[in-house]
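A structural model of the following input is requested.
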Amino acid sequence: MLDLNRLIESVQRNCDLADARHARDATMCNYLLQMRELYCWEEDLPLAAQPGREALATWLTAREARWNGLEDLEFEALAPAAVRHDPFAQAAINRELLPHKLLYSAGYGRFHRPHFFLAALERRDTREGVEILVAGCEYARDLVAAPAAFRDNTIVVRREALRRWLWEKVAFWRSRRGDGALARALATWELEADDAAGFERMVAAETETLILHELGEARAGGLLGARW
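Next up, the predicted model:
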């Protein structure tokens, strides 16, 4: 029987372990921005909310202390049901989770950094022989939340990560109000006239953009072979 709380705990531990080993590889500026975004996710703050400085500083100190106790440990195997899986066995784990409307992702990103997340499965589709999995609410994640990835003939899109990334662009524009490319792009979504609805239209459209981009990656791989 699936124990969701136990699974979330195990995936989050692996996320924390990956962060313990690699979070401070980033520049100080990027590190602090990423930590701020992770804090907002953990605390489930509204996109427009500003985290309190003292609360954020306290959380950051506690998180770094937690990392110090994890760096030398090994990633934990996952057992959604009876069988234990290597945490990077994404396909095998998802065979057990997808029927429960859950989505798991594991792999390596830039500089061979491990990434994991666990989320609600929002949508499942197939195009051009490629499986498309769209994640909704995220239950466990690491510091760096890439909005989309293609692996093992499967596209995974993280709508929650995409929403946060897009909101950062909107917030940046509102702080500057310049008349540049970003202003013209955002004007397409009529955010001033209907902020919430316009933003959700943007998220839906850019979700499709990510899917098309990753389908392009899949096509390129088919044409160019393993070297791609």
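
Confirm for me that T207 is in contact with G136.
No: T207 is beyond contact range of G136, at 11.0 Å (criterion: Cβ atoms under 8 Å). In short, each C-beta sits where N, CA and C put it, glycine included.

Low-confidence ranges, this protein, go.
Residues of the chain that meet the criterion pLDDT under 70 lie in 177-178, 192-194, 228.

what about the helices in the chain?
Counting by DSSP state H, the chain has helices at residues 4-22, 28-42, 53-68, 90-97, 159-176, 181-187, 195-224.

hang on, the earlier thing: shared neighbours of T207 and G136, anything?
By Cβ atoms under 8 Å, 6 or more residues apart in numbering, T207 and G136 have these common neighbours: R159.

More neighbours: those two, which one.
Neighbour tally, T207 and G136, criterion other Cβ atoms under 10 Å: the higher count belongs to T207, 20 against 14.

OK, contacts around A171?
So A171 contacts A48 (Cβ under 8 Å, 6+ apart).

Among the helices of the chain, which comes closest to A120?
A120 sits nearest to helix 159-176 of all the helices of the chain, at 9.3 Å, using Cβ to Cβ.

how far is the closest one from where the chain is centred?
14 Å (Cα atoms, centre = their mean, to the nearest Å).

And stretch 130-144, by the same measure?
Chain-centre distance of stretch 130-144: 5 Å, with Cα atoms, centre = their mean.

Leaving out sequence neighbours, find the closest residue to the residue nearest the centre of the chain.
Nearest to the mean C-alpha position of the chain, by Cα atoms, centre = their mean, lies A145 at 3.3 Å. Of all residues not flanking A145 in the chain, A161 sits nearest, at 3.8 Å (Cβ to Cβ, 6 or more residues apart in numbering).

One more: A79?
Spatially, and ignoring its direct neighbours in sequence, A79 is nearest to H85 (7.0 Å; Cβ to Cβ, 6+ apart).

which residues touch the one you found?
By Cβ under 8 Å, 6+ apart, H85 lies in contact with A77, L78, A79, A92, I93.

List only buried entries from those.
Buried residues within the contacts of H85, counting neighbours by 16 or more other Cβ atoms under 10 Å: L78, A79, I93.

Okay, the closest residue in space to W59 that isn't next to it in sequence and L56: tell me how far apart.
Closest residue to W59 apart from its sequence neighbours, by Cβ to Cβ, 6+ apart: Y39 at 5.4 Å. Distance, Y39 to L56, using Cβ to Cβ, to the nearest Å: 6 Å.
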